[in-house]
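Chemist: Generate coordinates for the sequence data below:
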Amino acid sequence: QVQLVESGGGSVQAGYSLRLSCAVRSVSTYAMAWFRQAPGKEREFVATISGSGRATDYTASVKGRFIISRDNTKNTMYLQMNTLKPEDTATYYCAASTYLGVPTTDSQYAYWGQGTQVTVSS
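Modeler: Next up is the predicted model:
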């Protein structure tokens with residue numbers, strides 16, 4: 001049984017930083033990603049990283065502010081979120097795929113965490 005467990009969410013003021021973690025258990029994965037869903041909105045892609053960690057991709061609104069990384073020795077993926085904005089407020093989900101490369105659509109991810117809330121106040 002594949003398990004993804006997120007941690008690190010919280011409430012911060014705009015301009016501050018948070019780091020999310022996603023621990024993966026029981027699966028050998030390839031790409032991993034972060035998605036987010038704000039109230040009343042559809043889930044959207046945030047960032048993805050290849051199995052090796054050498055390739056990454058980001059949605060335009062977070063480029064230059066967020067950094068995705070992974071430590072395969074610890075089976076953990078991270079999302080460093082800097083210069084947070086109120087529009088980053090959402091529930092953040094980590095996802096794991098069996099695809100190679102850096103897929104950016106949620107249909108390419110078979111495994112999902114339970115989500116962690118990030119709230120950014122102005």
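
Chemist: From now on I want contacts and neighbour counts done on CA atoms only, so please keep to that.
Modeler: OK.

Chemist: for the one helix or strand Arg19 maps to, which positions count as buried?
Modeler: Assigned by DSSP states H and E, Arg19 falls within strand 18-25. Buried residues in strand 18-25, counted by 16 or more other C-alpha atoms under 10 Å: 18-24.

Chemist: Spit out the contact partners of the most centrally placed residue in the chain.
Modeler: Nearest to the mean C-alpha position of the chain, by C-alpha atoms, centre = their mean, lies Trp34 at 2.2 Å. Listed by C-alpha atoms under 8 Å, 6 or more residues apart in numbering, the contact partners of Trp34 are 45-48, 79, 92-95.

Chemist: Kindly recompute the last result at 10 Å.
Modeler: 20, 22, 44-49, 58, 68, 77-79, 92-96, 104, 106, 112-113, 115 (C-alpha atoms under 10 Å, 6 or more residues apart in numbering).
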